[in-house]
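J.: Could you look at this predicted model? Sequence included:
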Amino acid sequence: MNFDLAIVEENAGQIWRGFLATIGLSVVILLVGTALGTGIAFARESCNRFLSLPAAAFVNLFRATPALVVLYFTFYAFPQFGVRMTPIAAATVGLATIGTAYLSEDIRGSLRAIDPGQWRAANALGMPYWWTVRRIVLPQMIPIAVAPYITRAMLIVKSTSIAGIVAVSDLTGVTSGLVSLTYRAVEFLTVAATLYLLLNTVLSILQIWAERRFVLRSGH
Amino acid sequence: MERSLQIIVSSAPYIFKGAVVTVELVVLVILIGTPAALVVALARNSRHSIIAVPVGFLSWAMRGLPPLVVLFFVYFVAPQAGFDIDPFPAAVIGMTFYTTFYLAEAFRGGLAAVDDSQRLAVRALALPRGRAFFRVLLPQALPAIVPPYISYTTEIVKDSALAGSIAVPEMMGNASQLIMRTGRPFQILLFVGALYVVLDALLLIAQAKAETRWQTLQRH
């Protein structure tokens, strides 16, 4: 079994575009998931049951369902109701929904770690709710959230690999296409694996930087 | 509505047939992966860096790769290396391979939670190492191992849906064939999604049972 590097070079452009698609998909999922996930985390911790119950139902539903089932919903089932999307849009919607559910749990964990006294103190000083959230609670949540958040980001990068199954040309999609075209599995899968591990390593370095930036400073 | 029920009833036998394969796959992966994970956990904790470092590297790589890429590796690389492999054994091997390293982290975390004085005590009593591990250390680690262990087994259930993409006739693979045949993805996905939630729920019930059992044991 020889390793044919030339065949990888021939298809380098395609692999690169797949790699960029994987990064793009991951970034969009993280941005959407962070924004919506924060909202859902606060809704779940709210005293209002009309907010907390639907939020809990949403999170548990999407954490219990395989990602592929959700992707098939957005890709195959939505058109049944007249909602047609391109493969990449369907994959983004499906994966971002799941990502939101998981991220909201990570964010909720750091929200619960905030001493309730902080809320009461802000309330006693007459701070409005949104001001308390923005100026008191969120800044204290960030250092706690760094480690679980980056771990989740790594899981999200890996979760994008199933987009290839619904015809998205992400790194895995491009790779499996090239494998069935050329029958050179070792070469293309090794390249894909290396690129995924590279992304993970970059995120690990980001975590070290973020922990220095936020966690150490909060020690003062 | 009646039409939808008809579709679900007529597709049920084929889906259930897939569900049996899904359960077989999950059970095999857990049965092989659990003892293997214990070995990996001990190897990673080994004092000899010649064992701990390579296993640690393998663990980093396997946990950094998307499960789908690992499955593709086993399924497509084996024929290139000169031996044929059927989809089902390929899925078992691939899933067991990465699952082992995730489960090993659950074991490692639990073992780290056992108080160091226990290790000194078994040394002071000159208990043989094997017996000290299985009769003293592991039983005390179990309450800390079970929650992450079970929550990872629900991941195995959900990941098993990926085996369909290497031609394993499991629940999701059969479901996607039915989607193509009937053109009614919504009804079929709803049915399959519900079955996955049931499988996950069974595992979570097992966790709750195990936890109450240990709590009563500890009280005595």
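T.: On my side now, so go ahead. Numbering: from 1, shown residues only, chains lettered A, B, ... in the order given.
J.: now the host helix or strand of residue A:201: mean pLDDT?
T.: Secondary structure assignment for residue A:201, by DSSP states H and E: helix A:185-210. Averaging pLDDT along helix A:185-210 yields 94.
J.: got the contact list for the nearest residue to residue A:200 once chain neighbours are set aside?
T.: Spatial nearest neighbour of residue A:200, excluding adjacent residues (CB to CB, 6 or more residues apart in numbering or on different chains): residue B:64 at 4.2 Å. (Each C-beta comes from the backbone N, C-alpha and C, glycine too.) Contact partners of residue B:64, counting by CB atoms under 8 Å, 6 or more residues apart in numbering or on different chains, are A:154, A:158, A:196-197, A:200.
J.: Can you pull the poorly scored residue ranges out of chain B?
T.: B:1, B:216-220 (pLDDT under 70).
J.: At the contact with chain B, which residues of chain A appear?
T.: Residues of chain A lying near chain B by CB under 8 Å from any CB of the partner chain: A:1, A:61, A:64-69, A:72-73, A:76-77, A:80-81, A:154, A:158-162, A:164-165, A:172, A:175-176, A:179, A:183-186, A:189, A:192-193, A:196-197, A:200.
J.: These in strands, which ones?
T.: For these, membership in strands holds for none, with DSSP state E as the criterion.
J.: Buried ones only from those, please, as a PyMOL command.
T.: In PyMOL, a selection of the buried entries from the residues of chain A next to chain B looks like this (16 or more other CB atoms under 10 Å in any protein chain shown):
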select buried, chain A and resi 64+65+66+67+68+69+72+73+76+77+154+158+159+160+161+162+164+165+172+175+176+179+184+185+186+189+192+193+196+200
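J.: ok now do residue A:164, which residues does it touch?
T.: A:170-177, B:68.
J.: quick one on the thing from earlier: show me what the helix holding residue A:201 is packed up against.
T.: When contacts are defined as 3 or more CB pairs under 8 Å, 6 or more residues apart in numbering or on different chains; DSSP states H and E, helix A:185-210 packs onto helix A:5-10, helix A:12-44, helix A:138-159, helix A:171-182, helix B:49-64, helix B:67-80.
J.: now do 7 Å
T.: Other helices and strands packing on helix A:185-210, by 3 or more CB pairs under 7 Å, 6 or more residues apart in numbering or on different chains; DSSP states H and E, are helix A:5-10, helix A:138-159, helix A:171-182, helix B:49-64, helix B:67-80.
J.: Let me have those helices in CSV, adding distance to residue A:116 as columns.
T.: Shown next, in CSV, are the helices and strands packed on helix A:185-210 (distance: least, CB to CB, whole Å):
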stretch, distance to residue A:116
helix A:5-10, 56
helix A:138-159, 12
helix A:171-182, 44
helix B:49-64, 36
helix B:67-80, 40
